[in-house]
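Peer 1: sequence first, predicted coordinates after that:
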Amino acid sequence: MSENNTAEKKAGNPRPATGFANLLDEMVRSICTTDTLARVIRKVLTLKQRQPYSIALRGLTARQKALLDLMGKALCQWTPPPADSLDAVWQIGVWDHGRIFLSDAVVDSENCTVFAWLKVPAEISRQIDARARQAELERAKSEHELETFLAGVTEAQKRKIVELVRDGIDHTDPVLIYVNDRTFTNFGSYNNLLRKPGALLERLAEIPIADWLADEKRFVICFYWIRRIGMRGEEFNGLQLTPYTLHAYFDDCFQRYCQLLGAQPEEWPESLEDKANRLSQMRQEISRDHILCRWVNGLTFFKAERFVQRSIIRQSPDNLPTGLRDYIESVYGLQVSSFANFDELFRACVEACTDPEKESGSPLMDGVEQLLERITSSAIEAINSDIGMTRGIRDIRRWQEKLDAQRFVEISEWPTTDYFCGVFPSAGMRGRMPDPGRLAKVLTACSVRMQYNSWHYMPGHFSKELAPHHFYLPPRMPDTAIWSDQHHAGHVMAAVRFSIRSPASLKYRERTYFGMVDLRLFRTIGARYTRKDLCEAMKYTEYLRAVYQAITDMAAAGERHIVIRAFDKPWFERYCSTLFDNSSVLQTQATGAA
């Protein structure tokens, strides 16, 4: 684990051009014609040291690993390969979605770039085949387990399995999973799983299991067992997913979970199904004292689970950062230490800043909008970020009224403009982007994208049968990501290299609505976010959650009807113009993140 963590830290250092196509081109150009096969494979697997080699190796097939072991010291060839070679010719390249191409079979696809080749003598080819057969023997037990499980699956059960897998893939971030030589993904134009003619999960639901291909069986059933635990499958993005590799992953999870629970690793079952059930129970036990988080690599969408002790995040108003404490006490006249918790403290702040009998607000923001800006800007400075943002529903009372009337479809059809996202730059970001117009475009683009996210999450709060459009399940897990500017168009434009997402829930009428609001932080340069940074962001998220909950509770009780009107395109244009006016009341940060 420590080796991977070290590798992840190193993976955040190189600075390529943004955009994945540019990154791949840069990586290929960096390969020397004098590099050995092992060095070429390492560069492609790690995308030039941008993901840990120890993890990326898990994406190779048994034959590819055998080639690497037996021919790793050989030099690659860069001229066109011979057409009449008596020896096997292995070609080396990369798929547009990032997977290495390493095969003795010819590829004919516009989505694959082949740049080198290698002759493999007949004796080495026989050894490669022998190692591949040995790998099959080692995996025979887990393969037999898969077939035994499938033999007991009825037609009705098969449909439920496919539906669970389809829902798990369709309503979360993309998967990019390898099963031997096949790639299963719903990512962009490479999607071969959903909502298109011949898509795997549309086709398998309609044909008997006996007609499924071997790798299709492996993918669907392994993903099914992953979902049974409560995992999302993204733990295998960019990696091989087979019954054999899943056994190894479950075994590793068991050891880690036992450490977290302070338990002895005893009575560990043998079957994948029983292991999945046991791990599901252990995760529920762990969640009592820990928060599940994710470490994300934006290159291959690989997401590793991490756990943060809840005790690290828990605070009281006495622990409020000095800058926020001073602001609350000076602006609202409140004594922070007199409040028992953040819900009470920030409810008092919302009451103070929305009191109609007192003057509050500014030409650009009213009182509660200023409070949101102040908390977010404080997080930007404390966590050394370039941009911070927070999102929500503009009119929470209107949302409550529709909920009470069970108008779920109507809510889900609201336009993105019924949501908001306040986006704020650090002083350092303003210094690097001194053109107000350009800065306004970046902030507006970020805001519009987050409004879309809120809209995209909304149907996920209700029954999927009521969803009027495609949706993602509302986020529950905080995460920190590296290489966020490689696939996501908005992140590419804003050059968002590193990011933190920390979602929060709201409660209304005894129900919890997850992911209704959040705090997001971005860095365009510098070091990747650390575990400490994520924990700090989660503390600031709790302040924001308490503000949003106060707005929700006051609307529900009929005490205040607070509507967020700021944070649209004209607002960002005015805001950015004002940011460079030293006399502006919005210049709340004396210094900011570099």
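Peer 2: Happy to help now that I have it.
Peer 1: quick one: low-confidence residue ranges for the stretch 251-400 of the chain.
Peer 2: The stretch 251-400 of the chain contains residues with pLDDT under 70 at 358-361.
Peer 1: which stretches in it count as helices?
Peer 2: In the stretch 251-400 of the chain, the helices defined using DSSP state H, counting those that start in this stretch lie at 272-286, 310-313, 322-332, 342-353, 367-382, 396-404.
Peer 1: and the first one, how far out from the chain's middle?
Peer 2: In this case it means helix 272-286. 23 Å (CA atoms, centre = their mean, to the nearest Å).
Peer 1: just the buried residues of that helix, please?
Peer 2: Neighbour counts over helix 272-286 (16 or more other CB atoms under 10 Å) mark 272, 275-276, 278-279, 282-283, 286 as buried. C-beta: built from backbone N, CA, C; applies to glycine.
Peer 1: quick one: the strands in the stretch 351-500 of the chain?
Peer 2: Under the criterion DSSP state E, counting those that start in this stretch, the stretch 351-500 of the chain contains strands at 387-393, 419-425, 479-482, 498-508.
Peer 1: these: lowest mean pLDDT?
Peer 2: Ranked on mean pLDDT, the bottom entry among the strands of the stretch 351-500 of the chain is strand 479-482, at a mean of 94.
Peer 1: quick one: residues in contact with that one.
Peer 2: Contacts with strand 479-482, where a contact means CB atoms under 8 Å, 6 or more residues apart in numbering, come from 8, 11-12, 50, 293-298, 303, 497-501, 528-531, 533-534.
Peer 1: now the buried members of these.
Peer 2: Going by neighbour count (16+ other CB under 10 Å), the contacts of strand 479-482 have 8, 11-12, 50, 293-298, 303, 497-501, 528-529, 533-534 buried.
Peer 1: look up how far residue 444 lies from the nearest residue to residue 389 once chain neighbours are set aside.
Peer 2: Nearest in space to residue 389, with sequence neighbours left out and distances taken as CB to CB, 6 or more residues apart in numbering, is residue 423 at 4.3 Å. Remark: distance between residue 423 and residue 444 (CB to CB, to the nearest Å) = 8 Å.
Peer 1: can you check residue 457 too?
Peer 2: As judged by CB to CB, residue 457 and residue 444 stand 21 Å apart.
Peer 1: next: residue 414.
Peer 2: Applying CB to CB, the value for residue 414 to residue 444 is 20 Å.
Peer 1: quick one: which of those two has more around it?
Peer 2: A count of neighbours by other CB atoms under 10 Å puts residue 444 above the other of residue 414 and residue 444, at 21 against 18.
Peer 1: contact partners for the more buried one?
Peer 2: Contact analysis of residue 444 by CB under 8 Å, 6+ apart lists 423, 569, 572-573.
Peer 1: just the buried residues of those.
Peer 2: 423, 572-573.
Peer 1: in the chain, where's the longest strand?
Peer 2: strand 511-523 (DSSP state E).
Peer 1: how far is it from where the chain is centred?
Peer 2: 13 Å.
Peer 1: do the same with stretch 199-207
Peer 2: The answer for stretch 199-207 is 27 Å, by CA atoms, centre = their mean.
Peer 1: could you do stretch 454-461 as well?
Peer 2: 17 Å.
Peer 1: would you mind checking the average pLDDT for that stretch?
Peer 2: Confidence over stretch 454-461 (mean pLDDT, whole number) is 98.
Peer 1: then stretch 538-545?
Peer 2: 98.
Peer 1: could you dump the helices of the stretch 251-400 of the chain to TSV with distance to residue 185?
Peer 2: As requested, the helices of the stretch 251-400 of the chain are exported to TSV (distance: least, CB to CB, whole Å):
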stretch	distance to residue 185
helix 272-286	23
helix 310-313	34
helix 322-332	43
helix 342-353	41
helix 367-382	34
helix 396-404	35
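Peer 1: just these: most buried one?
Peer 2: Among the helices of the stretch 251-400 of the chain, helix 367-382 has the highest mean neighbour count (mean count of other CB atoms under 10 Å), at a mean of 23.
Peer 1: what is it packed up against?
Peer 2: Applying 3 or more CB pairs under 8 Å, 6 or more residues apart in numbering; DSSP states H and E, we find helix 367-382 packed against helix 322-332, helix 342-353, strand 387-393, strand 419-425, strand 511-523, helix 531-556.
Peer 1: tell me which of these lies nearest to residue 94.
Peer 2: strand 511-523 (27.3 Å; CB to CB).
Peer 1: okay, now the sheet partners of the closest one, with direction.
Peer 2: strand 387-393 (antiparallel), strand 498-508 (antiparallel) (DSSP bridges).
Peer 1: please identify the most buried of those.
Peer 2: strand 387-393 (a mean of 26).
Peer 1: using PDB, write out the CA atom coordinates for it.
Peer 2: What follows is strand 387-393, C-alpha atoms only, in PDB (Å, rounded to 0.1, in the frame of the first residue of the first chain):
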ATOM      1  CA  ILE A 387     -10.900  27.700  -7.600                       C
ATOM      2  CA  GLY A 388     -13.600  26.800  -5.200                       C
ATOM      3  CA  MET A 389     -17.300  26.300  -5.800                       C
ATOM      4  CA  THR A 390     -20.500  25.200  -4.100                       C
ATOM      5  CA  ARG A 391     -23.800  24.300  -5.800                       C
ATOM      6  CA  GLY A 392     -27.500  23.800  -4.800                       C
ATOM      7  CA  ILE A 393     -31.100  24.600  -5.700                       C
END
